[in-house]
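>>> Just a sequence and a predicted model for now, questions to come.
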Amino acid sequence: MKDIILTGDRPTGNLHLGHYVGSLQKRVELQNTLSYDKFYVMIADTQALTDNADRVDKVKNNIIQVAIDYISAGLDPRKVNIFIQSMVKELHEFTTYFMNLVTLARLQRNPTIKEEIKLRGFGSSLPMGFINYPISQASDILAFGTTLVPVGEDQLPMIEQAREIVNSFNFTYSPKEEVFVLPKPVVAQTKLMQRLPGIDGKVKMSKSAGNAIYLCDDEKTVREKVMSAYTDPNHIKVSDPGQVEGNIVFAYLDAFCRDEHFKNYLPDYQNLDELKAHYKRGGLGDVKVKTFLIKILEEFLTPIRQRREECLKHIDDIYQMLFENSEKASIDAAVRLEKMKDAIGINYKNLLN
Ligand code: TRP
């Protein structure tokens, strides 16, 4: 049996380099293998509303932004089904029944939720919808019989929760045929790619920390951000020995630089190891390294920007694609919804003779 792949993002802002190396890149890779039955990429507007109930416009406007980011980054709407969560009503029905299989204490122990609650400072005004979103996310995954979920590492507890729901469902209802499949996560290869730091060097790149380089940033913005990026505070004069560990510019080079970039942009060095060695010895200035990084990022971002320009001319077509795909996803989810209701024993029409 071939894989069924599903993943998604909340439409609360544009996607950035952290999203790209942490998950988008892997999705594009998987897409191009073509070794799957179905590939869904969900724009999680319902989930975004769980902490944006009064900021509907922000969520609404970012749906098209995220869709454009996906296509610009290389997802092909002819190969993957990009759809809008709230337009697939079946998902909410799954959630209703799954909620009976998970305790509040279990949700409160979810490390990602814990972290997010702290970050948002909810206190006693924590919305029910927010604490519940791991269950809703399990519905997103389980409704389609998903086998693989390519995500950033912060999403691992969500997949664990979905797996627990499968086990709990099977234990509680002993379905005669399999209804839900145990999903597996797919994360980026290296720790660095899983947690690309922001330009401030303090925390992971994220829109909320304001330390991100976006896929839609123009050349000038990228240059300014890279030039202001955190390096080694003790590397003051060019001749000073510098530190590579914790140096954001080298972290980005680790993530994006390939040997051929040296041939094209910095032929004095063969590879990143040589550049690092020189930096550590002293005699290599930050501006030179940053200028090299900017060239690499520009090479990477230019085609993405060009595709974005194209997309901007076809906004209505993209919306149409999203609506049609949501209908298809809805039809797909309805099949498993019926199976679930059969297994639970609430398909009352079965009572008719
Ligand atoms: N929680 C994800 C995020 O914050 C978005 C998401 C919603 C998702 N449903 C999903 C990811 C299902 C993977 C699978 O970006």
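All right, it came through fine.
>>> who touches the closest residue in space to residue 60 that isn't next to it in sequence in this structure?
Leaving aside its chain neighbours, residue 60 sits nearest to residue 45 (7.5 Å; criterion: Cβ to Cβ, 6 or more residues apart in numbering). Heads up, the C-betas are built off the backbone N, CA and C, glycines and all. By Cβ atoms under 8 Å, 6 or more residues apart in numbering, the contact set of residue 45 is 10, 11, 59, 60, 63, 84, 85, 86.
>>> 10 Å instead?
The contact partners of residue 45, taken as Cβ atoms under 10 Å, 6 or more residues apart in numbering, are 8, 10-12, 52, 56, 59-60, 62-63, 66, 84-87.
>>> for residue 223, same thing?
217, 290, 291, 294, 297, 298.
>>> again, 8 Å this time
So residue 223 contacts residue 294 (Cβ under 8 Å, 6+ apart).
>>> same question, residue 199
Taking Cβ under 8 Å, 6+ apart, we find residue 199 in contact with 205, 211, 212, 213, 225, 226, 228, 229, 230, 248.
>>> which stretches of the stretch 201-350 of the chain form helices?
Taking DSSP state H, counting those that start in this stretch as the criterion, the stretch 201-350 of the chain carries its helices at 219-227, 248-256, 259-265, 272-281, 286-312, 315-344.
>>> typed the wrong thing, it's the stretch 51-200 of the chain
56-73, 90-98, 104-109, 111-120, 128-131, 133-142, 156-173, 191-194.
>>> Show me the one of the ones you listed that comes nearest residue 324.
Nearest to residue 324, of all the helices of the stretch 51-200 of the chain, is helix 56-73, at 12.8 Å by Cβ to Cβ.
>>> Need the contact partners of that closest one.
9, 11-15, 19-20, 24, 28, 41, 43, 45, 48-49, 52, 77, 82, 84, 215-216, 304-305, 307-308, 311-312, 315, 318-319, 322.
>>> Next one: residue 243 from the ligand, what distance?
According to Cβ to the nearest ligand atom, to the nearest Å, residue 243 stands 33 Å off from the ligand.
>>> Could you check the pLDDT of that residue?
Per-residue pLDDT puts residue 243 at 96.
>>> likewise residue 1?
Taking residue 1 on its own, its pLDDT is 74.
>>> Next, count neighbours for it.
Residue 1: 7 surrounding residues under other Cβ atoms under 10 Å.
>>> for the one 10 residues further on, same thing?
By other Cβ under 10 Å, the residues close to residue 11 number 27.
>>> same question, residue 121
8.
>>> Could you do residue 140 as well?
28.
>>> Run through the residues that contact it.
6, 8, 42, 44, 85, 91.
>>> Around the ligand, which positions in the stretch 101-250 of the chain sit nearby?
137, 140, 141, 149, 151, 155 (Cβ under 6 Å from any ligand atom).
>>> list the contacts for the last one?
To tie it back to what came earlier, the one meant is residue 155. By Cβ under 8 Å, 6+ apart, residue 155 lies in contact with 112, 149, 185.
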